[in-house]
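Novice: I'll drop the sequence and a predicted model, then ask my questions.
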Amino acid sequence: GENVEQHPSTLSVQEGDSAVIKCTYSDSASNYFPWYKQELGKRPQLIIDIRSNVGEKKDQRIAVTLNKTAKHFSLHITETQPEDSAVYFCAASGDNDMRFGAGTRLTVKP
Amino acid sequence: KAGVTQTPRYLIKTRGQQVTLSCSPISGHRSVSWYQQTPGQGLQFLFEYFSETQRNKGNFPGRFSGRQFSNSRSEMNVSTLELGDSALYLCASSTSGLGVVETQYFGPGTRLLVL
């Protein structure tokens, strides 16, 4: 089945800097890659997603890139703000299952 | 528009019992997905229902089951509860389901404690 690895597990950046979180997956049949943000004590939010027929997608300060050959995808957050502080989860989904990465705790220092 | 609702919000059960959790999606949403979240295992996908049919299923034992009704409300059932089933159970709804590029909304979750 699918296995998703996420790095780093924790990330601390200064406000205004960029943050990058990387995930790798094992199942070449995976074709949908969502990213979720979960603030402390709150429910997850889907913040951006990408399908396997697209290499990059951008939404304001966040972007996701996908390299199907290398089986990895990344979340990029530019001009980080304190409210970006949260745990971010990547996921990979194929025909049946969806597997999540272990999460990255991002802290943005003012 | 009302958000995704889950009932009950908190539940305490003992080993061996069974439990049924309910999720009401946003009006007009036909897809409901269920997830388990624990400190040790993180987020795990349980299953997805769309128009009363299970479309996707994660790697969980048969003790975990679900269904969806014609009004899109969904229930999940866990039989013969184990201590390891203690978790936050989240459901999420969307209009078209997993794999479609659109927004998905989560409910507040049901926190289950198995003693």
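Specialist: The structure has been received and is ready for your questions.

Novice: any idea how far A:Phe33 lies from chain B?
Specialist: Distance of A:Phe33 to chain B, computed by C-beta to the nearest C-beta, to the nearest Å: 10 Å. For the C-beta atoms, the positions are set from N, CA and C on the backbone; glycine is no exception.

Novice: Cross-check the contact I'm expecting between that residue and A:Asp49.
Specialist: Yes. Between A:Phe33 and A:Asp49 there is a contact at 6.4 Å, judged by C-beta atoms under 8 Å.

Novice: what about these two, which has more around it?
Specialist: The residue with more neighbours, out of A:Phe33 and A:Asp49, is A:Phe33; 26 against 23, by other C-beta atoms under 10 Å in any protein chain shown.

Novice: Next up, phi/psi of B:Ile26, please.
Specialist: phi -60, psi 140 (degrees, to the nearest 10).

Novice: follow-up on the earlier one: joint contacts of A:Phe33 and A:Asp49?
Specialist: Both A:Phe33 and A:Asp49 are contacted by A:Val64, under the criterion C-beta atoms under 8 Å, 6 or more residues apart in numbering or on different chains.

Novice: can you pull up the bridge partners for the residue nearest to A:Leu11 when sequence neighbours are not counted?
Specialist: Spatial nearest neighbour of A:Leu11, excluding adjacent residues (C-beta to C-beta, 6 or more residues apart in numbering or on different chains): A:Leu106 at 5.0 Å. Beta bridges link A:Leu106 to A:Leu11, A:Ala86, judged by DSSP bridges.

Novice: Pull out the buried residues from stretch A:38-53.
Specialist: For stretch A:38-53, the neighbour count (16 or more other C-beta atoms under 10 Å in any protein chain shown) marks A:38, A:43-50, A:52 as buried.

Novice: what does it contact?
Specialist: Contacts for stretch A:38-53 (C-beta under 8 Å, 6+ apart): A:30-37, A:56-57, A:59, A:62-64, A:66, A:68, A:73, A:75, A:85-89, A:103, B:43, B:90, B:92, B:99, B:101, B:103-109.

Novice: now the strands for chain B?
Specialist: B:5-7, B:10-13, B:19-24, B:31-38, B:42-50, B:53-57, B:64-68, B:74-78, B:87-94, B:105-106, B:110-114 (DSSP state E).

Novice: Reformat these as CSV; add mean neighbour count and distance to chain A.
Specialist: Listed next are the strands of chain B as CSV, based on neighbours: other C-beta atoms under 10 Å in any protein chain shown; distance: least, C-beta to the nearest C-beta, whole Å:
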stretch, mean neighbour count, distance to chain A
strand B:5-7, 17, 10
strand B:10-13, 13, 14
strand B:19-24, 20, 12
strand B:31-38, 23, 8
strand B:42-50, 22, 4
strand B:53-57, 15, 5
strand B:64-68, 19, 14
strand B:74-78, 21, 16
strand B:87-94, 24, 7
strand B:105-106, 20, 4
strand B:110-114, 18, 12
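
Novice: Right, I'll call it a day here.
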